[in-house]
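1. Next input, structure requested:
(chains A and B)
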Amino acid sequence: MAIDIKKNLRENKGLWVFLGVMLVVAILLGVFVAPWASSSPDGLEKVAKDKGFMKKAEEEKPAWKHSPMKDYAFPGVKSEKASTGISGLVGVLITMAAATAIGLLALGLNRLHKRKAPTGGPADAP
Amino acid sequence: MHIPDGFLDPKTWGTLYGVSGGTTAFALYKVRDRLEGNKIPLLGITAAFIFAAQMLNFPVAGGTSGHFLGAMLACVLLGPFEGFLVMVTVLIVQCFFFADGGLTALGANIFNMGIVGGLLSYYLMVLVKAPLSRWIGEKKALLSSVAVFSWVSVVLASAACATELAISGTVPFHVTFPAMVGVHSLIGIGEAIITTGALVVVLQSRPDLVDAYKGPALSPSATAGEVA
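-> Now for the predicted structure:
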């Protein structure tokens, strides 16, 4: 079943405009606001430091060592603000793609389920 | 409150991987019939928005910062299981690409922020909203219960986190629990303001896109897209 993109855009113009605005807001927040966010420890980090168990995480080797943008810093960018901003942009796009993929996965499972249903019960066929 | 590697012992994080993995599979099953049409792009954009908003740490008292969680907002906009899947996505991306939250603790982070802060808090909100709706109207009931329970979602998630730290033997319960719940009851105020503010904006422009809103469409333009 092909999806008619042009028809969909025409019929749901309001929705696509709304989604576009939301995406632009997300990108602006990630790129231009995030570099100026508070760098103080968050609630859990602060409690861990105060109660003396932060070292448990510092001593532990991370189980996944290949995060390309560790601590929201884009590799090879010297300016700290630009580094955070670029990682914000990349993160927004990756997250959008990943959530869309999960949605499509669920939809695919549904289509598979529906396709199987009629063949599962041939006796019901007219 | 993303837990790093090293804070939880294997029995705790292993158990929570099981619970979170099972819930994720159940959520994929639950949303199957509800994702037709244009809901998938909304899922993607909401996830992107929550990722960006989670980067914005705001200062709270005593040299501590907090950031938006977004689980309640995602559940209210998209439906509880769609919202849960959005939180799972955000947490996986943060873990693998940004080293925000440990890989061993991923199941625990999904449990705290997706199940406790998302699904559980959402259903508590609905329990309060339903009777309130008959009394003060759907829109006011939704906004006021979301304001209260987005605060509750952050506090409950932090309570779950403190409990896991205690069960793991990392730090005694009576030491962390008051500290975690105390600081997150401040962070939760920020959560309530952002969630309610964002919900007001969406309700004004596209009430048809708010899954938890069962009232009439407020603006005539909102339903225009659906006629075709």
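2. contacting residues for the residue in chain B positioned nearest to chain A?
-> At 2.9 Å from chain A, B:Gly6 is the closest residue in chain B, using CB to the nearest CB. For every residue, glycine as well, the C-beta is placed using N, CA and C. The contact partners of B:Gly6, taken as CB atoms under 8 Å, 6 or more residues apart in numbering or on different chains, are A:Lys56, A:Ala57, A:Glu58, A:Glu59, A:Glu60, B:Gly102.
3. Quickly find the element holding the residue lying closest to the fourth one once chain neighbours are set aside.
-> With CB to CB, 6 or more residues apart in numbering or on different chains as the criterion, A:Glu59 has its nearest non-adjacent residue at 6.7 Å, and that residue is B:Gly6. In the assignment (DSSP states H and E), B:Gly6 maps to no helix and no strand.
4. what do you get for B:Ser65?
-> strand B:64-66.
5. for B:Pro59, same thing?
-> Counting by DSSP H and E, B:Pro59 is part of strand B:58-60.
6. repeat for B:His174
-> helix B:173-205.
7. Show me what that helix is packed up against.
-> Packing partners of helix B:173-205 (3 or more CB pairs under 8 Å, 6 or more residues apart in numbering or on different chains; DSSP states H and E): helix A:43-50, strand B:58-60, strand B:64-66, helix B:71-78, helix B:138-167.
8. The ones you listed: which one's closest to A:Leu104?
-> helix B:71-78 (15.1 Å; CB to CB).
9. Pick out the residue nearest the middle of chain A.
-> Geometric centre of chain A, nearest residue: A:Thr95, 1.7 Å, by CA atoms, centre = their mean.
10. ok so that residue is a helix residue?
-> Yes: remark: A:Thr95 belongs to a helix, assigned using DSSP: H, G, I helix; E, B strand; the rest coil.
11. can you pull the pLDDT of it?
-> pLDDT recorded at A:Thr95 is 97.
12. Please apply the same query to B:Gly117.
-> pLDDT recorded at B:Gly117 is 97.
13. Spatially nearest residue to it, not counting backbone neighbours?
-> Excluding its sequence neighbours, the residue lying closest to B:Gly117 (CB to CB, 6+ apart) is B:Ala157, at 3.7 Å.
14. Please apply the same query to A:Ala99.
-> In space, and not counting its chain neighbours, A:Ala99 is closest to B:Ala47: 3.4 Å by CB to CB, 6+ apart.
15. can you map out the helices along chain A?
-> For chain A, applying DSSP state H gives helices covering A:5-11, A:13-28, A:43-50, A:54-59, A:80-120.
16. Counting neighbours, what do you get for A:Ala57?
-> By the criterion of other CB atoms under 10 Å in any protein chain shown, A:Ala57 has 19 neighbours.
17. and the residue of chain A found nearest chain B, how many residues sit next to it?
-> Of all residues in chain A, A:Glu60 sits closest to chain B, at 2.9 Å by CB to the nearest CB. For A:Glu60, the neighbour count with other CB under 10 Å is 14.
18. Repeat that for the one 4 residues further on.
-> The number of residues packed around A:Trp64, counting by other CB under 10 Å, is 14.
19. so it sits right up against B:Gln94, yeah?
-> No: using CB atoms under 8 Å, A:Trp64 is not in contact with B:Gln94; the gap is 11.4 Å.
20. Could you list the single helix or strand in chain B with the lowest mean pLDDT?
-> When each helix and strand of chain B is scored by mean pLDDT, DSSP states H and E, helix B:224-227 comes last, with a mean of 44.
21. Output the below-cut-off pLDDT ranges for chain A.
-> Low-confidence segments of chain A (pLDDT under 70): A:1-3, A:117-126.
22. Equivalent analysis for chain B, please.
-> Those would be B:37, B:217-228, if you go by pLDDT under 70 across chain B.
23. you'd agree B:Leu56 is up against A:Val33?
-> Yes: using CB under 8 Å, B:Leu56 is in contact with A:Val33, at 5.8 Å.
24. Please say which of these two ends up with more neighbours.
-> More crowded of B:Leu56 and A:Val33, by other CB under 10 Å: B:Leu56, with 20 against 15.
25. Tell me who's in contact with that one.
-> B:Leu56 neighbours (CB under 8 Å, 6+ apart): A:Leu29, A:Val33, A:Ala34, A:Ala37, B:His67, B:Phe68.
26. Now do A:Glu60 against A:Leu104, distance only.
-> Distance from A:Glu60 to A:Leu104, counting by CB to CB, to the nearest Å: 36 Å.
27. Touching, the residue nearest to A:Ala99 and B:Phe84? I think so.
-> No: assessed by CB under 8 Å, B:Ala47 is found out of contact with B:Phe84, at 11.6 Å.
28. Between the two, which contacts overlap?
-> With CB under 8 Å, 6+ apart as the test, B:Ala47 and B:Phe84 both reach B:Ala74.
29. which one is B:Leu43 nearest to, not counting chain neighbours?
-> Once flanking residues are discounted, B:Leu43 sits nearest to A:Gly103: 4.5 Å by CB to CB, 6+ apart.
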